[in-house]
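Asks: after the sequence you'll find the predicted model.
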Protein chains: 2
Amino acid sequence: MGETETRRPRGRPREFDEETALDQLTELFWEQGFARTSVADLVEATGVHKPSLYRTFGSKEDVFARCLHRYLDRRMATMRDLIASSGPGIEGIEAFLDALLDEVLSGAASKGCLLVASSAELRGSTPGFEDFGATYRAALRERATELVAKAGGTPAEIEVRAGIVVIWMLGLDVSVRGGAQRAEAWAAVDALKAVVATWA
Amino acid sequence: MGETETRRPRGRPREFDEETALDQLTELFWEQGFARTSVADLVEATGVHKPSLYRTFGSKEDVFARCLHRYLDRRMATMRDLIASSGPGIEGIEAFLDALLDEVLSGAASKGCLLVASSAELRGSTPGFEDFGATYRAALRERATELVAKAGGTPAEIEVRAGIVVIWMLGLDVSVRGGAQRAEAWAAVDALKAVVATWA
DNA sequence: TAATTTCCCTACCGATCGGTTCCAAAATGT
DNA sequence: ACATTTTGGAACCGATCGGTAGGGAAATTA
């Protein structure tokens, strides 16, 4: 390993932590969406004043894009871990679904998936955002394929089963984002489990 | 039947058609979302000037709410017709899915479902919008229940199957909204058909 | 200590936001 | 013809939008 501690830069060090600020910015965009969130909101949430924000992250759209990519990477990593740590076979799939819903519903007010919430807003938006929905769905499909492979089956079966899981995940996120409570969300899990049971 | 032709009001008649304007307003909100659409956009799209808009429809949020309810009513009516006109049994369900996707993909740029696109934006929004997501999902569940009943089964089976169809519809709309092309959308239909086949 | 670099932060920019005021024009009933 | 009613349309309102300038404070190297 090289230097874990990067050399301190020349001038006055900044008073805020970049990662912490990104967490707060992501939270805010997640809660309110891009258009409804003003730069003044970003300043209030982070305590970082406007010129510092612009110097560090660029424009409001740049901040948003960065939050989105960061969230995507983290969420995919989380799902990968969840899939790996759930057991094999149908039971492993069911365990993953339980864990996933737990994660989606975590926090006081569950906001669904940031990407799903944003993809509705990103139609024909700024360059750099057009592919975002497709990127997200492709990543989701990779995870879904890993997941359904636990149940075995032919490659063709795995592909079509991954398809239903992807759509299901997107639908679940919309439901939760749209205000679905625990009971409704769990019913959705049960509905998919009924499908999964036919893969034995 | 009473008078089909309402008596002409006292003053100067308006130069725009209210229903036509609502169509154009809905289209605009559908395309851009609520927050990204300015009142100036509404004026430009309809040709109706601001004071006339406000006098006729009230505030921007009032216009949006009206568009949403109108869209919901119409979409549910369309789905009801589609379900009724598709045949009985599993084949009827499959025929409906084909017809539904045709409708969702119709038009040059498919925008998914307006309600799905909006529900992401409506979190904690103005009073009158909080229940909208739940209202929509409930209406969708009624349609889904009618649909899956075609395959028979116990009440418990019908309920859980309707659940998977609702989630699937929401997920499909998100996909299409997020830029999914015809092939990806049809793959989603095939994925659900594979599930429906197990209901025989 | 002196020179330099970077940061924090107030104040400000033009543009646009949602919404209103006001008046002439156009239709009505009497 | 006349008074009444409601329209269309431009001009205007304060507030807020995203983004920037410039000056003082704090840390660096020399």
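Replies: That came through fine.

Asks: show me what the host helix or strand of residue A:144 packs onto, helices and strands only.
Replies: If you go by DSSP states H and E, residue A:144 is part of helix A:132-148. Under the contact definition 3 or more Cβ pairs under 8 Å, 6 or more residues apart in numbering or on different chains; DSSP states H and E, helix A:132-148 sits against helix A:60-85, helix A:89-105, helix A:114-119, helix A:155-177, helix B:155-177. From N, CA and C alone the C-beta is placed, and that goes for glycine too.

Asks: so for it, what gets flagged as buried?
Replies: A:132-137, A:139-141, A:143-148 (16 or more other Cβ atoms under 10 Å in any protein chain shown).

Asks: just the closest residue of chain A to DNA strand C, please.
Replies: residue A:11 (1.9 Å; Cβ to the nearest atom of the strand).

Asks: residue numbers of chain A in contact with DNA strand D?
Replies: Residues of chain A lying close to DNA strand D (Cβ under 7 Å from any atom of the strand) are A:8, A:10-13, A:37-41, A:50-51, A:54, A:59-61.

Asks: which of the residues you listed are buried?
Replies: A:37, A:60.

Asks: quick one: which of the residues of chain A next to DNA strand D sit in helices?
Replies: Counted as lying in helices by DSSP state H, out of the residues of chain A next to DNA strand D, are A:39, A:40, A:41, A:50, A:51, A:54, A:60, A:61.

Asks: where does chain A have low pLDDT?
Replies: Within chain A, the stretches with pLDDT under 70 are A:1-9, A:108, A:124-126.

Asks: grab the most central residue of it for me.
Replies: For chain A, residue A:75 is the residue whose C-alpha lies nearest the centre (Cα atoms, centre = their mean; 4.4 Å).

Asks: which residues touch the spatially closest residue to it that is not a sequence neighbour?
Replies: Nearest residue to residue A:75, sequence neighbours excluded (Cβ to Cβ, 6 or more residues apart in numbering or on different chains): residue A:113, at 7.1 Å. Residues counted as contacts of residue A:113 (Cβ atoms under 8 Å, 6 or more residues apart in numbering or on different chains) are A:75, A:104, A:173, A:177.

Asks: can you check residue A:87 too?
Replies: So residue A:87 contacts residue A:95 (Cβ under 8 Å, 6+ apart).

Asks: then residue A:191?
Replies: B:160, B:161, B:163, B:164, B:167.

Asks: now do the contacts for residue A:184.
Replies: Per Cβ under 8 Å, 6+ apart, neighbours of residue A:184: A:175, B:137.

Asks: give me that answer again for 10 Å
Replies: When contacts are counted by Cβ atoms under 10 Å, 6 or more residues apart in numbering or on different chains, residue A:184 touches A:172, A:175, A:176, A:178, B:134, B:137, B:138, B:141, B:163, B:166.

Asks: from DNA strand D, how far off is it?
Replies: 33 Å (Cβ to the nearest atom of the strand, to the nearest Å).

Asks: which of the helices and strands packed on helix A:132-148 sits most buried?
Replies: helix A:114-119 (a mean of 25; mean count of other Cβ atoms under 10 Å in any protein chain shown).

Asks: that helix packs against which elements?
Replies: helix A:18-32, helix A:60-85, helix A:132-148, helix A:155-177, helix B:114-119, helix B:155-177 (3 or more Cβ pairs under 10 Å, 6 or more residues apart in numbering or on different chains; DSSP states H and E).

Asks: would you turn the ones you listed into CSV with distance to DNA strand C?
Replies: Below are the helices and strands packed on helix A:114-119 laid out as CSV (distance: least, Cβ to the nearest atom of the strand, whole Å):
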stretch, distance to DNA strand C
helix A:18-32, 10
helix A:60-85, 13
helix A:132-148, 23
helix A:155-177, 23
helix B:114-119, 15
helix B:155-177, 21
